[in-house]
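**Student:** sequence? don't have it. structure:
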């Protein structure tokens, strides 16, 4: 419903999902609903509602020890913060996401946290720091799955290398991205 402007319908479905989750009385379901509503509101540009729901999802998932759900919700909350211009808050959230993912051996979420931090650092002009994060990214490993995460990481690496004046290295990363 966020791709087509049917926000009243999305609000109805969201209300029904919250009611169903409340009837079940299951915190895992509550965390799922909060995350999905937060992501919906983020995509719809309703950032106050998105933040409220993503904060709730992070809190519930942390309490449950559902670290994958926590990492997903934390990453979306970090993205919301940096899109609002709160670069410090976004960096902090992405760093926490990376650390928690590392502690629990969640490789994909570690990539999200690393790439999120690099994105913010790049926009802040801290390109050398962004490059350090990206140069150590698992997406550079030959056996890393060809996923959207790899496309984003290699694309960011190309942009960072270009900003550093490393044209040949940027071209390699851009070419690697286009082959995925």
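**Tutor:** Structure received. Values in this document were obtained by computation on a predicted structure and should not be read as measured data.

**Student:** where in the chain is pLDDT low?
**Tutor:** Low-confidence segments of the chain (pLDDT under 70): 1-6, 21.

**Student:** wait, residue 81 sits on residue 93?
**Tutor:** Yes: using Cβ atoms under 8 Å, residue 81 is in contact with residue 93, at 6.2 Å. Heads up, the C-betas are built off the backbone N, CA and C, glycines and all.

**Student:** higher neighbour count, these two?
**Tutor:** Between residue 81 and residue 93, residue 93 has the larger neighbour count (other Cβ atoms under 10 Å), namely 26 against 22.

**Student:** that one: helix or strand, and which one exactly?
**Tutor:** Element membership for residue 93 (DSSP states H and E) is helix 87-104.

**Student:** what's that helix in contact with?
**Tutor:** Contacts with helix 87-104, where a contact means Cβ atoms under 8 Å, 6 or more residues apart in numbering, come from 67-68, 70-71, 74-75, 77-79, 81-82, 107-110, 112-114, 116-117, 120-121, 123-124.

**Student:** tilt between the next helix or strand after it and helix 87-104?
**Tutor:** Moving toward the C-terminus from helix 87-104, the next helix or strand (DSSP H and E) is helix 107-123. Relative orientation of helix 107-123 and helix 87-104, computed by axes from the mean of the first three to the mean of the last three Cα atoms, to 10 degrees: 160 degrees.

**Student:** what residues does helix 107-123 touch?
**Tutor:** For helix 107-123, the external contacting residues (Cβ under 8 Å, 6+ apart) are 68, 71-72, 75, 78-79, 82, 87, 90-91, 93-102, 127, 129-131, 133-134, 136-139, 149, 152-153, 156, 159-160, 163.

**Student:** now list the buried members of these.
**Tutor:** Buried by 16 or more other Cβ atoms under 10 Å: 71-72, 75, 78-79, 82, 87, 90-91, 93-94, 96-98, 100-101, 127, 129-131, 133-134, 137-139, 149, 152-153, 156, 159-160, out of the contacts of helix 107-123.

**Student:** next, name the residue at the spatial heart of this protein.
**Tutor:** Centroid-nearest residue in the chain, with Cα atoms, centre = their mean: residue 75, separated by 3.6 Å.

**Student:** contacts only, for that residue.
**Tutor:** Residues in contact with residue 75 (Cβ under 8 Å, 6+ apart) are 93, 94, 97, 109, 112, 113, 116.

**Student:** can you redo these as JSON lines with distance to residue 15?
**Tutor:** Listed next are the contacts of residue 75 as JSON lines, based on distance: Cβ to Cβ, whole Å:
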{"residue": "93", "distance to residue 15": "28"}
{"residue": "94", "distance to residue 15": "31"}
{"residue": "97", "distance to residue 15": "29"}
{"residue": "109", "distance to residue 15": "30"}
{"residue": "112", "distance to residue 15": "30"}
{"residue": "113", "distance to residue 15": "32"}
{"residue": "116", "distance to residue 15": "31"}
